[in-house]
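*Asks:* coords please:
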Amino acid sequence: MKFTCMVLSVMISVIHVQAADAVQACYDSAKTQSELNRCGGMDQKRADDEINAVYQAVIKKHHADAAFIKKLQIAQRAWLKWRDAEMEAIYPDKDDPNAYGSVFPMCWSSQLAVITEERIKQLRKWIDGTPEGDVCSGSIPVK
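*Replies:* You can find the predicted model right below:
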C-alpha cells in the first residue's frame, strides 16, 4: 500500500509539472489580453484537474475507512462553497462587465487556481502522510 501511494504521489507531481510548464509557456508566448485570458483559463483547468486527481487518490488510498470518506466528502463540499464565496468577496462586482476591465477573465481564473492550489496542499497530507511522532495527526497517516 505504501508503494502504491508513493507511485500515485509521483504520478500526480509529474502531471502537475507538465501542466504547469504548458501554462507558463502559454503566458510566455501570449501577446494579447485575449491570449493571456486563455492562459488564465488553462491555469484554472490545470488546478481543477490536479485537485480532482489528488482528491481521487485520497479516496482510493483510504477507501476502507467509510467514516473518513464521508467526512472528507462533507469537507470538500464545504470547501467548494467557501471557495466560491471567497471569489465573490475578492471580485464583488464580477457581474458588471466594466468593473475589472479586460484582464478580469485572466485574474478570475488565476485567483481560482491559487485558491485551488492551497486546497491541493491540504488534501495531499492524506497521501503524503505526516512525520512519525505527530500525536495530533488524526486521520492523516504517518509516513
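*Asks:* Would you confirm that Val130 contacts Ser139?
*Replies:* One correction, residue 130 is Thr, not Val. No: using CB atoms under 8 Å, Thr130 is not in contact with Ser139; the gap is 10.3 Å. For glycine as for every other residue, the C-beta is placed from the backbone atoms N, C-alpha and C.
*Asks:* Just to check, Trp79 is in contact with Arg119?
*Replies:* Yes: counting by CB under 8 Å, Trp79 does reach Arg119; the two are 5.8 Å apart.
*Asks:* what's the next secondary structure element after the helix-or-strand element of the chain with minimal mean pLDDT?
*Replies:* Least confident helix or strand of the chain, by mean pLDDT, DSSP states H and E, is helix 2-29 with a mean of 71. Heading C-terminal from helix 2-29, the first helix or strand you meet, by DSSP states H and E, is helix 33-61.
*Asks:* Same question for that next one: list its buried residues.
*Replies:* 36-44, 46-47, 50-51, 53-55, 57-58, 61 (16 or more other CB atoms under 10 Å).
*Asks:* Next one, pLDDT for the most far-flung residue of the chain relative to its centre please.
*Replies:* Ranking residues of the chain by C-alpha distance from their mean position (CA atoms, centre = their mean) puts Asn98 at the top, at 28.8 Å. With respect to pLDDT, Asn98 has a value of 91.
*Asks:* Perfect, that will be all.
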